[in-house]
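In: Got a predicted structure plus its sequence, pasted below:
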Amino acid sequence: MTIPYGRHQIDRADLDAVVDVLENQFLTQGQQVPRFEQALKEYCGAAHTVAVNSGTSALHIACLALGLGPDDWLWTSPNSFVASANCGLYCGARVDFVDIDVKTGNLCLNALAEKLLQAARSNRLPKVMVVVHFAGLSCDMQAIQRLTEPYGIKLIEDASHALGGTYRDKPVGSCVYSDACVLSFHPVKSITTAEGGAVLTNAPEIARQLRQFASHGITRDPDHMEGESDGPWYYQQVTLGYNYRLSDLHAALGLSQLSRLNAFIESRSERAQRYTEALAGLSLRLPGTSSQAKSAWHLYSIGVEESLRSQIFASLQGKGIGANVHYIPIHLQPYYRRMGFKPGDFPNAETFYRQAITLPLFPGLTADEQTRVIQAVKESLN
């Protein structure tokens, strides 16, 4: 049987929570979404949370709420899923990238500092930066804030991999060094709602706009209407919004999962530590770490000799190891190449990709399964 690189973990409590909604509650706009939002903001330490139907939707409305629009620039990491960049295009903005540190897969501070100076000279500074916490390890947000603050750049943390991690002893999602933080609840993430996402922020006005953009651009608040309200049933569409709301079914699953998040992260950390100890001394690049951050260990991404990557990947697959690769650099996708991006633009991200193999890592990975993975890696290298 093939061992997947990631797998969700559902228990009886999760099933019961969903069935209870099906049998006894509203399916869409009941009490589960507000309860889930409250639990998320308490866990992460942010003042406001807006839950939506995907991490991609969360990125989109976060950009909108921060005022990103046509002719603005958005910068992000090329080492991410395409949604981290596409959210800027949805707003009509132009997109560019900042190269990464090959050791961690996260944004390179030196590359950022240099690019900011160049952009200031050419009047191409970004309005928004989407800072991706690759594999669950937070970027150095304090340093990024210090570099970007003089230019008035808004920061969104793309923490789709990082719920349950910490940075400078604060939970990822606390938004101490950012304007907003985006989470994903895809089935292989820290917790799942089947599909879903959320935006956290400490700014009341950003939160209000997030909620409005996620629900058709509609408000029921008389203070934000044009003219007088006709009564308690009344609502107005005051901007162009989207139907990005999360259902109560999904929120019930997420709320149940959230109660076990710390246990999930502990399990991931234990398995990551076992990989690190077992693979130390081999001809591999092991995942980078940080003294300031505790990773949520969404991925365990190793680096191998470029010329051997395809061979090693095929060997693992042949042994029933569902290895994967994260990520094909966004700027090398055909859609982005048509914008003018080309190989060599972000060499560290390209090198990281050519070497990368993601090993199975999830809370339910058994000791025997992990032994199979470790042995397969060693045999593949030999």
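Out: Right, received. Where do you want to start? What you see is a predicted model; the values in this text were computed from it and never measured. Numbers count the residues shown, from 1 in each chain.
In: Quick one: neighbours of K127, just the number.
Out: For K127, the count of nearby residues is 21 (other C-beta atoms under 10 Å). Backbone N, C-alpha and C define where each C-beta goes, glycine included.
In: pLDDT score for the closest residue to it other than its chain neighbours?
Out: Excluding the flanking residues, the one nearest K127 by C-beta to C-beta, 6 or more residues apart in numbering is D72, at 4.1 Å. We have a pLDDT of 98 for D72.
In: i'd like the first residue to be 53 from this point on
Out: Right, with 53 as the first residue, what we last looked at is D124.
In: Would you point out which residue is most central in this structure?
Out: Nearest residue to the geometric centre of the chain (C-alpha atoms, centre = their mean): S212, 1.7 Å.
In: Pretty sure E421 sits against I55.
Out: Yes - here E421 reaches I55: they are 5.1 Å apart, a contact under C-beta atoms under 8 Å.
In: out of the two, which sits in the more crowded spot?
Out: Set E421 next to I55 and count neighbours by other C-beta under 10 Å: I55 wins out with 22 against 17.
In: shouldn't the more buried one be in contact with R424?
Out: Yes - between I55 and R424 a contact is recorded at 6.7 Å, counting by C-beta under 8 Å.
In: Next, show the common contact partners of the two.
Out: Both I55 and R424 are in contact with 372-373, where contact means C-beta atoms under 8 Å, 6 or more residues apart in numbering.
In: coming back round to it: for the residue nearest to the centre of the chain, what are its contacts?
Out: S212 neighbours (C-beta under 8 Å, 6+ apart): 107, 133, 184-185, 234-236, 238, 241, 249.
In: Any chance of a markdown table for those, columns distance to L305 and neighbour count?
Out: Below are these laid out as a markdown table (distance: C-beta to C-beta, whole Å; neighbours: other C-beta atoms under 10 Å):
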| residue | distance to L305 | neighbour count |
| --- | --- | --- |
| G107 | 16 | 27 |
| F133 | 22 | 19 |
| V184 | 25 | 29 |
| H185 | 23 | 30 |
| V234 | 19 | 30 |
| L235 | 15 | 29 |
| S236 | 14 | 29 |
| H238 | 13 | 20 |
| K241 | 13 | 25 |
| G249 | 14 | 28 |
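In: In CSV, list those residues along with distance to I205.
Out: Formatted as CSV, the contacts of S212 follow (distance: C-beta to C-beta, whole Å):
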residue, distance to I205
G107, 22
F133, 22
V184, 15
H185, 18
V234, 17
L235, 21
S236, 23
H238, 28
K241, 27
G249, 23
